[in-house]
Structure formats: C-alpha cells, structure tokens
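Colleague: okay, here's the prediction I keep looking at, along with the sequence it came from:
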Amino acid sequence: MAEAIIRVEGAEFRYEGADEDAVSGVSVEIAAGEFVAVLGRNGSGKSTLAKLLNALILPKAGEVYIDGVAAHEEKNSLAVRKMCGMVFQNPDNQIVATIVEEDCAFGPENIGVPPAEIRERVDSALRAVGMEAFRESAPHMLSGGQKQRVAIAGVLAMRPKIIVFDESTAMLDPSGRREVFDVARQLNRGEGLTVVWITHFMDEALKSDRVLVMDEGRIALEGTPREVFMQTDAIHRMGLDVPQMARLAAELRREGLQLPPDIMTVEEMAVELCRLR
Amino acid sequence: MPIAIKHLTHTYMPGTPFETRALFDVSLSIRDGEFVGVIGHTGSGKSTLIAHLNALIRPEPGRVIVSGVDVGQKGQSLIEIRREVGLVFQYPEYQLFEETVEKDVGYGPRNLGLPDAEVKVRVAEALSQVGIPEELSGKSPFELSGGQKRRVAIAGVLAMRPSTLVLDEPVAGLDPAGREELLKLIQDIHKGGVTVIMVTHSMDDAARLCGRLIVLNRGEVAFDAPPAEVFRHGDELVEMGLDVPECVKLVKRLNECGFHLPDNLFRMEDVERAILKEVRGC
C-alpha cells in the first residue's frame, strides 16, 4: 500500500451523556489516492469516525494522524481541517452565501488567502465540479445535485488532500446521485484526491476501491467491494444489504444455476446468464 | 377519500424575476385504497403537488377536490381536509418538539379538542401501528434512535386517523434494514385501508410497492400508469433525471443477447422466475 494519509489507531469516542462509545477501538489506514466507502447501519459510528478525521471532535483515547499531523491534539485542529474537508448530507445546510462563487470563496477568505489567489482557487474549484457556468447563480435556484457540487467546490477551494463525504447523496434524485458520485470519483482519479465516502447505497460502495463496514463502533468487515459483499450473511446481520444482482445471483444459485459467487452488477449477471443459455 | 385534481398550475413568486412555474396543467384523480408512487427529478413539482393535497397551498388556477370538498373555494374550512389527508414531510423527525413521545403524538388530536380519554386511545393505537413499544411513550422523543424518531413523527400523523397518508421520501437517510422496516410498516398501513401516496427517489421501492406511478417532469405529468408500463420507458426516464429498477436493466440487457423475457417485468421475483424458466427450458 502507498503511504497512509489517514492513520487511525485505537480511536475511542463517547458522546456526552451516552452509555456506550460511538467509536470504540477503531484502527484503520487509508492510502493517499484511495477511494474508500464506509458502510454501516444508523448509529454504527460512521459519522463519528468522519468527525474524528477532521478534528471536529477529539478522541478520548487513541490516535488519529492526517498526513502525519496528530488530529487528536487540539492545537492541530485548524491544520487538519485544511487538509481534510467534509461534505454533509443536506445541501441546504452547508451553503452560506447568496451567490455560488461567493459561497466557494467563503473558506479561503476565512483563512486569509490573498484575493487574487481566491479568484483562481474558486474558478478552478467550480471548473472541477462542472459548475463554472453557474458561478453567478443563486444557490437556492439550483437542483440538489448542483448544490452538492457547489458544496464540494467550496471544500476544494481550501485545497484539501482528503474529502470525507458523509451521506452526501442521501437527499438527491437518481441523476443528482450519479452526478455527485461521479464528480467525487473523478476528483479522486484525476487529481489524486483521497476520498472517504460514507453511504447507505450499496451500488456506490461497489464502485469504490475498498469498503469498510462499521458495526457497534468498530470496523467489522473490510476489503474490496467484492470481498465484502460476498459475505452475505454477515452483511445482513449488520442491518445492511448486498447489491441487488448479488442477491439475485444467490437466489438463482439456490435454484441450481451454476453462477460464480462474485456477481455484483447487471453486466456481470448478463454475461454469466448468456453463457448458461 | 377520493382526490381529484383538475388543471392545476402553480407558479412561485409570480410577477417577479424569480417567477418559477412548479406545476402546469396537472389533472389526475386518486381512488380510495390506492398505493400511488410519485417520482420525478428535484424541482419536478412533487412537493408542490403534495402540498396541494392537504391545502397547504391553495389551487390557483385549477381545482383540488378532496372527498367532495373543493379546497380552493373561498371560506372553505380546511380542518376537515387536513384531518382526512395526513402529510408526512421529509425528515419528519425534525418536527418533534414535545417533552414526551406520548404528548408529541397526541398533539394533533388534542388540538382537535378531543377528550383526554380519546386522545389516549389514539396515541396508543398510533404508536402500536408504527411499532413503538408502550414503555417508550413517557420518554423524550429526543432520546430515541433516528429510525424510532421518524416512526414517532409518523405516529403523530396517524393519530389524526387520516383516510389518506401522503409521505415525502419517508426512507431518505435510513440504513437498508431501517428502510425495509419502515416500508413494511407503510405497506401495513395501506393494508389497513388507508390510501397511500408516496414520493420516492428509489425506483426499486416504487416498483416493489406501488400499484400506480405518477411521473412528474418539469411540473407536468409525464406518465401516470402502473409500474410495468412506466418502466418500459427507460430511456425517457433517464432523460428526466430518473432511472429504472436494476432488474428492468437486466431484462433489457438479456433480451439484447438473445433471451426472450417479457418486457413488462419490474419486480425481482418475477424476473428471477422468468430467467429460470428460460434457462431451464433450453
């Protein structure tokens, strides 16, 4: 594996007044340039892990390093947040300005980037998410997918090395979902951005390099999407689901069809079934 | 109660530079006992349409008739309509506000002026309908899990005993098990005799649950038909920012490479059966 840009060692976190740890003893490494999906039922600790990664919260035990910087030490919080940006679920909650380009400039302005450089950063960020034509639009006139892309541009303008997406497609229509996922994937492939993609959608996880499944505050499963989704029983036990074609393949195998155990997509299913016919 | 919508158009902020036409000449009717899915891209008019169903927006121009009552008529009391048509917004758990689950669910019935005993009966019934155990009724709704909060919020609407339940993306943000649980519950409510109108972005849920789909595109009704018919228009749906269920894609792909599966299948079980029949038949 390439050098780890995210290194979490035995991280523990408990919310005030809670009886149990939200994250308990999580250790994980993510390499620079990886696209890692994080799955897990509601309350499994996904969002808490995300917040540990950009120092929105500090662990009560354990260590978190972002590109070598100790994110578990309060003094490093600002440095960590510059390196690791976040995009949340609700596009309406993370847009602050009334004009798209002003919204993107909000972050760099706040950290004192000189005006000429802000201009350049905002332009290139909006270009990267395909929203340059909307730079003078009002965010509330945009579709959900477009708003999320503006939110991504705002994070990109901070020139982060990592972006954590916390269910950023949960509120979008099918085309908005594709749009936002594709932008993230392309930033990852094209610019080498490291992406942590938290989601409830198995088809998105399927298109990632690696999948982490969280359960009860721990990482319960880990591997390539195929490796993870072949463990159907474990996945179901954790309140999750396997991709639909994997489920169909399991049913057809039960009926006696000779299908390989790792069918995940429509294309793979079609190829195998055509061979049987 | 049957609902009829006739030539309904709605424009936001008319006469200003922000004028946006949300609905254009929409006509449709919903019969008692239907389970209708409403699908459409962001901004297609879904939310505007359902806001008309319980008179949150007055029809102008056009008519909305709920169980014989013309919603747009001047001086028409809207209480009866809101009692008949229960509306569950997106992320309804954000609307919880009372100290206890019981008080929150009972808020609507109390405001109807019902006697305490009746309110109590309705609260207990609504909570059991959504599978919230009685021992939680004295708890603060804010101590519950996300999925439980959402079910309590839905119970608050059910306690009004609506004959029609309108839900705006009821499973958004829930994990797969939570989605299944809530969808099952909505199915049960429907089986109990309530008309259900559900806005969804999931083509699979729409295919699985709804007897009829209304597809909105740029404020107009693009399709209004059973799922089998609607999902035949895969390319057009994708063009509208929508999609078809995975199994519909599989059928299309298999038929391209020589299978002869019927093109009106849209449920996974049916596709599975058709595949087995064809593979075994050869």
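Modeller: Received the coordinates, thanks. Residues are numbered from 1 along each chain as shown, chains lettered A, B, ... in the order given.
Colleague: tell me where chain A has helices.
Modeller: Assigned by DSSP state H, chain A shows helices spanning A:46-53, A:77-83, A:100-110, A:115-128, A:144-156, A:174-191, A:202-206, A:225-229, A:232-237, A:244-254, A:266-276.
Colleague: got the ones you listed as CSV, with mean neighbour count and distance to chain B columns?
Modeller: For the C-beta atoms, the positions are set from N, CA and C on the backbone; glycine is no exception. Converted to CSV, these look like this (neighbours: other Cβ atoms under 10 Å in any protein chain shown; distance: least, Cβ to the nearest Cβ, whole Å):
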stretch, mean neighbour count, distance to chain B
helix A:46-53, 24, 10
helix A:77-83, 18, 25
helix A:100-110, 21, 16
helix A:115-128, 17, 20
helix A:144-156, 26, 4
helix A:174-191, 19, 4
helix A:202-206, 22, 8
helix A:225-229, 20, 12
helix A:232-237, 14, 8
helix A:244-254, 19, 5
helix A:266-276, 17, 4
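Colleague: go through those and name the closest to B:Glu236.
Modeller: helix A:174-191 (13.1 Å; Cβ to Cβ).
Colleague: sorry, back to before: of all the helices of chain A, which one is nearest B:Ser47?
Modeller: Nearest of the helices of chain A (Cβ to Cβ): helix A:144-156, 11.9 Å.
Colleague: returning to that earlier point: for the helices of chain A, which one sits closest to B:Val105?
Modeller: For B:Val105, the closest of the helices of chain A is helix A:46-53, at 27.6 Å, according to Cβ to Cβ.
Colleague: what's that closest one packed up against?
Modeller: With contacts taken as 3 or more Cβ pairs under 8 Å, 6 or more residues apart in numbering or on different chains; DSSP states H and E, helix A:46-53 sits against strand A:4-13, strand A:23-31, strand A:35-39, strand A:61-66, strand A:162-166, strand A:194-198.
Colleague: looking at those strands, which is closest to chain B?
Modeller: Evaluated over the helices and strands packed on helix A:46-53, closeness to chain B peaks at strand A:35-39, with 8.6 Å, by Cβ to the nearest Cβ.
Colleague: is the closest one in proximity to chain B?
Modeller: No: interface with chain B: strand A:35-39 contributes nothing (Cβ under 8 Å from any Cβ of the partner chain), its closest point being 8.6 Å away.
Colleague: that strand packs against which elements?
Modeller: If contacts are counted by 3+ Cβ pairs under 8 Å, 6+ apart, strand A:35-39 sits against helix A:46-53, helix A:174-191, strand A:194-198, helix A:202-206, strand A:210-215.
Colleague: could you give the angle of it to strand A:23-31?
Modeller: Angle between the axes of strand A:35-39 and strand A:23-31 is 160 degrees (criterion: axes from the mean of the first three to the mean of the last three Cα atoms, to 10 degrees).
Colleague: and B:Gly193, how many neighbours?
Modeller: B:Gly193 has 9 neighbouring residues, counting by other Cβ atoms under 10 Å in any protein chain shown.
Colleague: ok, now the one 5 residues further on?
Modeller: The local packing count at B:Met198 equals 26, with neighbours defined by other Cβ under 10 Å.
Colleague: that one pairs with what?
Modeller: Taking DSSP bridges as the rule, B:Met198 bridges to B:Gly37, B:Leu167.
Colleague: tell me who's in contact with residue 89.
Modeller: The chain I'm using is chain A. A:Asp166, A:Glu167, A:Ser168, A:Ala170, A:Met171, B:Gly173 (Cβ atoms under 8 Å, 6 or more residues apart in numbering or on different chains).
Colleague: looking at chain B here, not the other one
Modeller: Each residue near B:Phe89 by Cβ under 8 Å, 6+ apart is listed here: B:Gln95, B:Asp168.
Colleague: pLDDT score for it?
Modeller: You'll see B:Phe89 listed with a pLDDT of 90.
Colleague: who's in contact with residue 251?
Modeller: Answering for chain A, as no chain was given. B:Glu272.
Colleague: please go with chain B instead
Modeller: By Cβ under 8 Å, 6+ apart, the contact set of B:Val251 is B:Phe259, B:Leu261, B:Pro262, B:Asp263, B:Leu265, B:Val271, B:Ala274.
Colleague: which SS class is it?
Modeller: Secondary structure assignment for B:Val251 (DSSP: H, G, I helix; E, B strand; the rest coil): helix.
Colleague: quick check: closest non-adjacent residue to it.
Modeller: Using Cβ to Cβ, 6 or more residues apart in numbering or on different chains and skipping residues adjacent in sequence, the residue nearest B:Val251 is B:Leu261, 5.0 Å away.
Colleague: give me the neighbour count for that neighbour.
Modeller: The number of residues packed near B:Leu261 is 17, by other Cβ under 10 Å.
Colleague: which SS state does it fall under?
Modeller: Per three-state DSSP, B:Leu261 ends up coil.
Colleague: for chain A, see how far away it is.
Modeller: 10 Å (Cβ to the nearest Cβ, to the nearest Å).
Colleague: so who does the closest residue to A:Arg177 other than its chain neighbours touch?
Modeller: Sequence neighbours aside, A:Thr169 is the residue nearest to A:Arg177 in space, at 4.3 Å (criterion: Cβ to Cβ, 6+ apart). Counting by Cβ under 8 Å, 6+ apart, A:Thr169 makes contact with A:Gln148, A:Gly176, A:Arg177, A:Val180, A:Phe181, A:Thr199, A:Phe201, A:Glu204.
Colleague: change it to 10 Å
Modeller: Taking Cβ atoms under 10 Å, 6 or more residues apart in numbering or on different chains, we find A:Thr169 in contact with A:87, A:89, A:144-145, A:148, A:176-181, A:184, A:197, A:199-201, A:204, B:201.
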